[in-house]
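Trainee: coords below, sequence missing:
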């Protein structure tokens, strides 16, 4: 008899339904909604969040948690039931400190902010965006003020995206990453002329790109019966349960790599959501645990598979065939080298794997300064541009190539960026382990056969959803918490290959 | 000081947000959702309805209604505030008799039923659909059982779509309509050879049809900044507030009239939603009052404008230009006569205006028999086919051309069909009045200028939303409750013109 646990499950099922509904409201806003729908949409998103938050933080949820924990006494701590109680307890403890009106206002401001960002970015007008960022920061500070259990303001935010991860941990990992990468970037820079990314630039009709993208994501596991792919200003993925996964991409007629690799990235997220065990559906365990693990999936598919030597052998002939013209003779090695060219550039989502981390460090630093009130919003572009010059040696030509390029701040997602770089590190760990478990993995990828990797990831990562904390999951799969070395080993080997070097 | 009224408004604003959200869940299900998403979608729809229903029927809503009514003492009964209290009171009195679990289950079953209907219709398999219709009827009967304040079971259902309208009223109106139309249909049938609908059939590339449809709906008032148009198995329109209106259509490469007139129909619905006064947004007054008035808008734009002589002069040259080939020489009169050809046919949404009413009568009768338990679901196809033979003189070749053709029963919408024919009657009244008010209306339509009619409708009908009951609205606009004669006058005149007859 597990009456209280069943009741807890019912309550969480409804809350999951509301979360799926919120995902649809957000997905639709970014892909389908006519522009004038924004005001009404923000109200709907706020109301849904108000109701969801109220239901979740209610005393009744607390009572059910206590009672369910009692019923569980002696149950395997790795069981679905034990994980459910553990995860809901942690989230409830955090959420109930937040007033419902604040939760709703954060949701409303995020929705309104995104609409403003789309316009501001199109007009290259940071000033038009500034009031929305100011509002999101005010709300984020009020959110932070709800807690006295964290070491610093940024910890509160980071913990929402990677539970248990602290700013100090991230700083340590990023310092180690920087120390490892800076000499690699320096060495590569001296041989910049060895790698030509010319093949990526030209004229590539969008309809042909669409065909290429479909072929690739279908190899990965995209399935029209349970997925969609659409266009968005800023590509993203979302799930309305594992049977309704939605990814997006954007198209650049003169640079096919943009749509292709962002689609692989988002499809990597989608495979995670689609791979979660059906027993966890309609529970809070039915989506990925941390965004760091989520980004490990997207970054692995985008970079380790998509920009790997093996898969370049699959992509190159199709690219040659589909586009002809300037890439009619494209071979695997030329493609492989082109997509791995290391060069400081302005746009994070198009950055190479070596400089990518610096984009994240820049945002991680600015976010801490903003949330602590040390950097006023009006000075963000100036600070961005100065820091960019320092890290990348480049001038920022306009806000669309600088502080306005990402959607996150507009949506109130402050503390999210570090998870991309943490995801790279986790991807490095999983990639090594996958190769150890499957010695023929590269050969399979080279033959265009991606299901082996997907099923390995499903078995080891996806199916568990949010059952395990990130450290627990890593311990189970690779026997070690998050670390920098495997990613650096992977990247050094790849760049040695690409640049014909023996990197330090 | 109107504190309680403000609180009532706030509560209704949230409930309206949930309604808009439910509209999005339904719109997405029918236009975008991947097939496997159906199970999860049904749960989300049910949960949202459970919450909305609970919030709405709560004692707190009743308390606010009483208190707000007190604050209103002496206010103009035609004011927004008075209308809000009146409409919410009526809906609250009805809704609170319905258990929340039943309301949620009706929503869930309707969502699941629609998915089943799409498959069953594609496979022409009524038996596969029967369990879902059985379930929807069971739930509809349980819903009916919540009330002891109506004369017959069907009254309860009808009242949801046309508040205050009774089955006996509909029967009387339909009898009068039938008595007027049967001799017209008989007379026309003797001259069937006078009208040729050949021009409507041929090969019409969908992309060209899309262009035609866009041009036409944009003339009507469709505006990309606040509207969308998409494809659906069964065309429909929905609104997420007046600034986010979504219509759908479907395409037949061999019959352009299908997409064109269904788009005009749905755009007519959309104009109603888009035209509601902004002061009524986020209130229950912010959408059309009865579906009969709603259908009067869609049917007027589809038939009185779209299939009118004046607008045929606008359509014919564009059709000739866009499609060429078999319609390269299409003239206005040929088009006008073709689209008004009277002929018994199987599909309601493609029926001519004279026989259309019989399609509705057939459904109105079968629905009463089903809801009263006199017609078992298993016997529905047989009953449909027999009744169809009796009314139309035609055999039904398969369920997709018979009992499976409409989405309504699958979605639990029983009692909806009569509003189409009632909408025709109201359209007849409004059409006469619009012409009396605007003597140059036909000339304007003939010049492709539709804004005069749209603004007349906005001023007289749309902007009021649900402020007035249908009889009140008609009284205000045409000075008379719903009646049959104007529609019959309109149709007789049109068919006399089309068939070169002097009809009785």
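Mentor: Now that the structure is in, tell me what you want to look at. Because the structure is a prediction, the values reported are computed rather than measured.
Trainee: now the helices: where do they sit in the stretch 51-200 of chain A?
Mentor: Shown for the stretch 51-200 of chain A, the helices assigned by DSSP state H, counting those that start in this stretch span residues A:59-72, A:80-95, A:100-123, A:126-144, A:153-161, A:167-189.
Trainee: out of these, which comes closest to residue B:281?
Mentor: In terms of CB to CB, the element of these nearest to residue B:281 is helix A:100-123, at 15.8 Å. Heads up, the C-betas are built off the backbone N, CA and C, glycines and all.
Trainee: does any bit of stretch A:4-21 sit next to chain B?
Mentor: Yes - using CB under 8 Å from any CB of the partner chain, a contact is recorded between stretch A:4-21 and chain B, made by A:13, A:14, A:17, A:18, A:20, A:21.
Trainee: what sits against the closest residue to chain B within the stretch 201-350 of chain A?
Mentor: Of all residues in the stretch 201-350 of chain A, residue A:244 sits closest to chain B, with a separation of 3.2 Å (CB to the nearest CB). With contacts taken as CB atoms under 8 Å, 6 or more residues apart in numbering or on different chains, residue A:244 has the following neighbours: A:20, A:226, A:227, B:33, B:34, B:36, B:37, B:40, B:41.
Trainee: now, which of those lie within helices?
Mentor: Using DSSP state H, the members of those that fall within helices are A:20, B:40, B:41.
Trainee: related to what we said a few turns ago, of all the residues of stretch A:4-21 next to chain B, which comes closest to residue A:100?
Mentor: Of all those, the one sitting nearest residue A:100 is residue A:18; the distance, using CB to CB, is 13.5 Å.
Trainee: how about the spatially most central residue of chain A, phi and psi?
Mentor: Relative to the mean C-alpha position of chain A, the nearest C-alpha, by CA atoms, centre = their mean, is the one of residue A:295, at 4.1 Å. Backbone dihedrals for residue A:295, given as degrees, to the nearest 10, come out at phi -70, psi -30.
Trainee: For residue A:407, see how far away the nearest residue to it once chain neighbours are set aside is.
Mentor: Counting by CB to CB, 6 or more residues apart in numbering or on different chains, residue A:295 lies nearest to residue A:423, which is 2.6 Å off, once chain neighbours are set aside. In this view, residue A:423 and residue A:407 are 17 Å apart by CB to CB, to the nearest Å.
Trainee: Reformat the residues of stretch A:4-21 next to chain B as a markdown table; add pLDDT.
Mentor: Compiled in a markdown table, the residues of stretch A:4-21 next to chain B are given as follows (pLDDT from 0 to 100):
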| residue | pLDDT |
| --- | --- |
| A:13 | 98 |
| A:14 | 97 |
| A:17 | 98 |
| A:18 | 98 |
| A:20 | 98 |
| A:21 | 98 |
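Trainee: out of the residues you listed, which are buried?
Mentor: Buried subset of those (neighbour count, 16 or more other CB atoms under 10 Å in any protein chain shown): A:13, A:14, A:17, A:18, A:20, A:21.
Trainee: Show me what from chain A comes close to chain B.
Mentor: The interface of chain A toward chain B, taken as CB under 8 Å from any CB, is made up of A:13-14, A:17-18, A:20-21, A:24-25, A:28, A:32-37, A:39-41, A:43-44, A:46-48, A:50-51, A:224-228, A:240-241, A:243-245, A:281-282.
Trainee: Just the ones in strands from those, please.
Mentor: In strands, judged by DSSP state E, the following of the residues of chain A next to chain B are found: A:227, A:228, A:245.
Trainee: what's the closest of those residues to residue B:91?
Mentor: Looking across those and measuring by CB to CB, the closest to residue B:91 is residue A:228, at 35.5 Å.
Trainee: Could you give the secondary structure assignment for residue A:448?
Mentor: Three-state secondary structure (criterion: DSSP: H, G, I helix; E, B strand; the rest coil) places residue A:448 in coil.
Trainee: Now for it, how many residues are close by?
Mentor: Each residue near residue A:448 was counted by other CB atoms under 10 Å in any protein chain shown, and the total is 15.
Trainee: Was I right to think it contacts residue A:316?
Mentor: No - using CB atoms under 8 Å, residue A:448 and residue A:316 do not qualify as a contacting pair, with a distance of 11.8 Å.
Trainee: which ones are touching the residue of the stretch 401-504 of chain A found nearest chain B?
Mentor: Scanning the stretch 401-504 of chain A for proximity to chain B using CB to the nearest CB identifies residue A:465 as nearest, at 14.7 Å. For residue A:465, the set of contacting residues under the criterion of CB under 8 Å, 6+ apart consists of A:276, A:277, A:280, A:285, A:286, A:287, A:288, A:289.
Trainee: Filter those residues down to the buried ones and hand me the ChimeraX line.
Mentor: Buried members of the contacts of residue A:465 can be picked out in ChimeraX with the line below, counting by 16+ other CB under 10 Å:
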select /A:276,277,280,285,286,287,288,289
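Trainee: will you turn the contacts of residue A:465 into TSV that also has pLDDT?
Mentor: Listed next are the contacts of residue A:465 as TSV, based on pLDDT from 0 to 100:
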residue	pLDDT
A:276	97
A:277	97
A:280	96
A:285	97
A:286	95
A:287	93
A:288	90
A:289	87
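Trainee: Go through the contacts of residue A:465 and say which is closest to residue A:335.
Mentor: residue A:288 (30.6 Å).
Trainee: gap between the closest one and residue A:275?
Mentor: 10 Å.
Trainee: next one: residue A:430
Mentor: Distance of residue A:430 to residue A:275, computed by CB to CB: 14 Å.
Trainee: shared neighbours of these two, anything?
Mentor: When contacts are counted by CB under 8 Å, 6+ apart, residue A:430 and residue A:275 are jointly contacted by A:457, A:461.
Trainee: More neighbours: those two, which one.
Mentor: Remark: of residue A:430 and residue A:275, residue A:430 carries more neighbours, 25 against 22, as counted by other CB under 10 Å.
Trainee: Doesn't the more buried one belong to a helix?
Mentor: Yes - the secondary structure assignment for residue A:430 places it in a helix, going by three-state DSSP.
Trainee: contacting residues around residue A:405?
Mentor: Residue A:405 makes contact with A:121, A:346, A:347, A:348, according to CB under 8 Å, 6+ apart.
Trainee: Let's see that with 10 Å instead.
Mentor: A:121, A:234, A:346, A:347, A:348, A:349, A:350, A:359, A:384, A:396, A:398, A:399 (CB atoms under 10 Å, 6 or more residues apart in numbering or on different chains).
Trainee: Just to check, the last one is in contact with residue A:133?
Mentor: No - taking contacts as CB atoms under 10 Å, residue A:399 lies outside contact range of residue A:133: 11.7 Å.
Trainee: residues in contact with the residue nearest to residue A:240 when sequence neighbours are not counted?
Mentor: The shortest distance from residue A:240 to any non-neighbouring residue, by CB to CB, 6+ apart, is to residue A:20 (4.3 Å). Taking CB under 10 Å, 6+ apart as the definition of contact, the neighbours of residue A:20 are A:238-241, A:244, A:281-282, A:286-287, B:25, B:37, B:40-41, B:43-44, B:47.
Trainee: try residue A:263
Mentor: A:209-210, A:212-214, A:216-217, A:220, A:222, A:229, A:235, A:237, A:247-251, A:270, A:301-302, A:306.
Trainee: Keep only those of the residues you listed that are in helices.
Mentor: For these, secondary structure assignment (DSSP H) places A:209, A:210, A:212, A:213, A:214, A:216, A:217, A:220, A:270 in helices.
Trainee: Buried subset of those, written for PyMOL?
Mentor: Listed next is the PyMOL selection for buried residues among those, using 16+ other CB under 10 Å:
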select buried, chain A and resi 209+210+212+213+216+217+220+270
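Trainee: Export the ones in helices among the contacts of residue A:263 as CSV, with columns for pLDDT.
Mentor: Written out in CSV, the entries for those read as follows (pLDDT from 0 to 100):
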residue, pLDDT
A:209, 98
A:210, 98
A:212, 98
A:213, 98
A:214, 98
A:216, 98
A:217, 98
A:220, 98
A:270, 98
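Trainee: Just the closest of the ones in helices among the contacts of residue A:263 to residue A:330, please.
Mentor: Distance to residue A:330, by CB to CB, is smallest for residue A:212 among these, at 12.3 Å.
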